[in-house]
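**Student:** Any chance you could fold what I've pasted below:
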Amino acid sequence: MKSLKVDELSFYPAINEEKVQQLWSEVRSAFTHKIIVLDDDPTGVQTVHGVSVYTDWNEDTIERGFLEDNQLFFILTNSRAFTAAETEQVHRDIAERSEKIAQKLGAPYLIISRGDSTLRGHYPLETEVLRHTIEASSGVKVDGEVILPFFKEGGRLTVNNIHYVQQDETLVPAGETEFASDRTFGYQSSHLGEWVEEKTKGEFSKESVTYISLESIRNLEIDTIVEQLMQVRDFGKVVVNALEELDVKIFTTALILAIQKGKRFVFRTAATFTKVIGDISSRPLLTRDELISEEQEHGGLVIVGSHVQKTTDQLKELQTLSNLHFIEFDAHLVLDKEAFKEEITRVQNEAEQTVAKGITTVIYTKRKRLDLGEGMEEEELKLSVEISDAVTSIVRNFSIRPNFLIAKGGITSSDVGTKGLCVKRATVAGQIAPGIPVWKTGEESTFPYIPYVIFPGNVGAVTTLKDVVLTLENK
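**Tutor:** Reported below is the predicted structural model:
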């Protein structure tokens with residue numbers, strides 16, 4: 001499939017922003033559904049601020065989310081680190097509890113599966129489980145599933161139904177990137193209809209998919225899009241094209257009108273849709289003064305776990321900073337339990353000593369991925385969980401309070417947040433760089449109220465990790 005140059009997109013009609021905002025104001029004000037976002041790693045808060053993230057899905061927790069003044073809340077499932085069986089159980093539990101609480105409170109709601117790790121994750125399993133559980137619990141049919149992986153901050157655009165990943169000034173079809181070669185969640189298709197057909201093993205053909213075109217969106221054909229959505233049934237798939245956040249807002253205007261006419265959908269989307277449907281405003285990037293209110297003598301702590309090439313390149317660039325201390329954690333020792341235990345102790349002791357001296361310290365896992373060979377994906381996933389548990393134990397048992405904490409990689413940042421920092425509820429402060437969110441941890445955390453930077457593996461330029469560290473380091 002052919003790559004595109006960014007300037008090839010300029011022939012699409014410009015958006016009448018004033019008209020879009022007028023339509024949005026008219027439609028959105030009447031939309032009062034509670035919005036529950038299930039996040040398969042913590043990066044789904046890449047576009048929002050001032051919202052809660054819960055790290056468990058007990059019935060009391062979900063009810064607390066429903067009772068919040070905020071219309072939208074996140075539940076961090078971290079399901080991309082789960083086996084299929086674990087993922088199925090978690091999503092069934094959440095859907096059953098959400099439906100039970102919604103009925104108890106008389107509150108309509110939407111569930112969004114925020115799972116766009118560049119089209120990777122337990123798809124279609126998660127949304128299928130949500131659909132079947134909601135239907136069984138409520139007796140109401142779920143008409144369709146909206147697929148909207150657009151996320152401009154991560155360079156992910158959809159045009160002509162093809163999902164692209166921006167690399168400098170080139171748009172590369174997603175199926176031809178390194179992300180598509182993921183050993184656990186790999187795929188071949190860049191055309192989202194073909195991707196649906198591939199992932200559902202032909203249950204939903206590309207011809208059966210409803211496509212919301214950029215032409216319809218840019219021409220503000222709201223009635224046409226509503227009519228397309230009204231025709232969706234039997235959990236049919238809806239693919240949405242988008243190049244800008246306003247494209248998502250135009251689609252969502254039509255979506256709300258369809259929902260108000262009785263249609264019911266579940267959603268598999270990236271972070272932009274959660275911001276738009278939640279009607280969350282944009283805000284400037286966070287500054288050091290907003291995140292670190294009092295000077296501490298200790299250094300920061302940076303954990304790098306993701307193995308995608310972008311992360312490795314960003315780590316190399318970070319290593320050009322001479323005032324940081326770097327420790328390689330030999331994760332391959334996981335195959336030798338005693339040696340692995342000794343490695344954990346070595347890394348933690350060294351890091352504590354340097355952070356205590358005021359030196360920001362970077363712990364990074366060995367860059368070569370552990371490869372057990374063909375057919376061993378589940379075993380590799382289990383070992384990766386052991387490695388992640390080891391890394392998070394270092395954070396949990398760290399005897400020095402770092403000035404800040406950065407975790408690089410989706411699964412890494414989830415485990416560091418939940419198992420290392422022991423967060424039960426965090427508040428999203430905003431973003432420190434495009435697509436890179438910051439939590440303020442709760443009072444129950446290992447380090448209460450510390451700024452915790454969640455840095456996805458597949459986001460940012462080569463210099464972005466270094467830039468984030470410099471932002472937090474500069475006094």
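
**Student:** Show the contacting residues for T446.
**Tutor:** Shown here is T446, whose contacts under the criterion Cβ atoms under 8 Å, 6 or more residues apart in numbering are V395, R396, F398, G420, L421, C422. C-beta here means a position set from N, CA and C on the backbone, and glycine is covered the same way.

**Student:** what helix or strand is it on?
**Tutor:** According to DSSP states H and E, T446 maps onto no helix or strand at all.

**Student:** Beyond the longest helix along the chain, next helix or strand please.
**Tutor:** Using DSSP state H, we find that the single longest helix of the chain is helix 84-105. For helix 84-105, the following helix or strand on the C-terminal side (DSSP H and E) is strand 109-114.

**Student:** Going toward the C-terminus from that next one, what's the next helix or strand?
**Tutor:** In the C-terminal direction from strand 109-114 (assignment by DSSP H and E), the next one is helix 125-138.

**Student:** any weak-confidence spans in the stretch 101-250 of the chain?
**Tutor:** Under the criterion pLDDT under 70, no range of the stretch 101-250 of the chain is flagged.

**Student:** all strands for it, in order.
**Tutor:** Assignment of strands within the stretch 101-250 of the chain using DSSP state E, counting those that start in this stretch yields the ranges 109-114, 144-148, 156-159, 162-167, 170-173, 210-212, 236-240.

**Student:** Output those as TSV; include the columns mean neighbour count and distance to F251.
**Tutor:** Formatted as TSV, these follow (neighbours: other Cβ atoms under 10 Å; distance: least, Cβ to Cβ, whole Å):
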stretch	mean neighbour count	distance to F251
strand 109-114	24	14
strand 144-148	25	8
strand 156-159	24	11
strand 162-167	21	15
strand 170-173	18	20
strand 210-212	20	6
strand 236-240	23	5
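
**Student:** quick one: buried residues of the longest helix of the chain?
**Tutor:** By neighbour count, and taking 16 or more other Cβ atoms under 10 Å as the criterion, the buried residues in helix 84-105 are 87-88, 90-95, 97-99, 101-102.

**Student:** tell me the domain boundaries of the protein?
**Tutor:** Structural domains of the chain, as assigned by automatic domain parsing, span the residue ranges 4-277, 288-473.

**Student:** end to end, how far does the longest one reach?
**Tutor:** This stretch, domain 4-277, spans 29 Å end to end (Cα to Cα, to the nearest Å).

**Student:** ok, now stretch 354-362?
**Tutor:** Across stretch 354-362, the straight-line distance between its terminal residues is 10 Å, by Cα to Cα.

**Student:** which other residues reach it?
**Tutor:** Defining contact as Cβ under 8 Å, 6+ apart, one finds that stretch 354-362 is touched by 297-304, 315, 318-319, 323-327, 351, 398, 400, 402-403, 469, 473.

**Student:** same thing but at 10 Å, please
**Tutor:** Taking contacts as Cβ atoms under 10 Å, 6 or more residues apart in numbering, the residues outside stretch 354-362 that touch it are 296-304, 315, 318-319, 321, 323-328, 347, 350-353, 398-404, 406, 408, 465, 469, 472-473.

**Student:** What about the residues you listed, which are in helices?
**Tutor:** Judged by DSSP H, helices contain the following of those: L315, L318, V347, E350, A351, E352, Q353, L465, V469, L472, E473.

**Student:** Let me see the contact set for the first one.
**Tutor:** It stands for L315. With contact taken as Cβ under 10 Å, 6+ apart, L315 is in contact with V302, V304, S306, F326, V362, Y364, R367, K408, L465, K466.

**Student:** Next, format those as JSON lines and append pLDDT.
**Tutor:** What follows is the contacts of L315, written out as JSON lines (pLDDT from 0 to 100):
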{"residue": "V302", "pLDDT": "97"}
{"residue": "V304", "pLDDT": "93"}
{"residue": "S306", "pLDDT": "79"}
{"residue": "F326", "pLDDT": "98"}
{"residue": "V362", "pLDDT": "98"}
{"residue": "Y364", "pLDDT": "94"}
{"residue": "R367", "pLDDT": "76"}
{"residue": "K408", "pLDDT": "91"}
{"residue": "L465", "pLDDT": "96"}
{"residue": "K466", "pLDDT": "97"}
